[in-house]
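# Pasting the sequence and the predicted model now:
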Amino acid sequence: MRGVRYININHFFPSPKCCPGSPALPKLHLLLILIILPRCLILLTHCVNFRLQLDYFERYKD
């Protein structure tokens, strides 16, 4: 398992210039992603369901 490389979170989320190398920053980014991503997915599924329901009602109005 020597070839396995760990993903560096700072590589994907570079810390802002105001506080370089802040240890709490990667955790904050992960927390934000974990909070925002599910909400986006829920919103997206709601929109899709709404569109499908509208389509269903338009098709079977009679």
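Noted; the coordinates are in hand.
# what ranges do the helices span in the protein?
Remark: helices assigned in the chain by DSSP state H are 9-12, 24-59.
# rank these by pLDDT, which is bottom?
Mean pLDDT is lowest for helix 9-12 among the helices of the chain, at a mean of 53.
# In a markdown table: the helices of the chain, plus mean neighbour count.
From N, CA and C alone the C-beta is placed, and that goes for glycine too. As requested, the helices of the chain are exported to a markdown table (neighbours: other C-beta atoms under 10 Å):
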| stretch | mean neighbour count |
| --- | --- |
| helix 9-12 | 10 |
| helix 24-59 | 10 |
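# Quick check: the gap between residue 27 and residue 36.
Distance of residue 27 to residue 36, given as C-beta to C-beta, to the nearest Å: 15 Å.
# Over to residue 28?
Applying C-beta to C-beta, the value for residue 28 to residue 36 is 12 Å.
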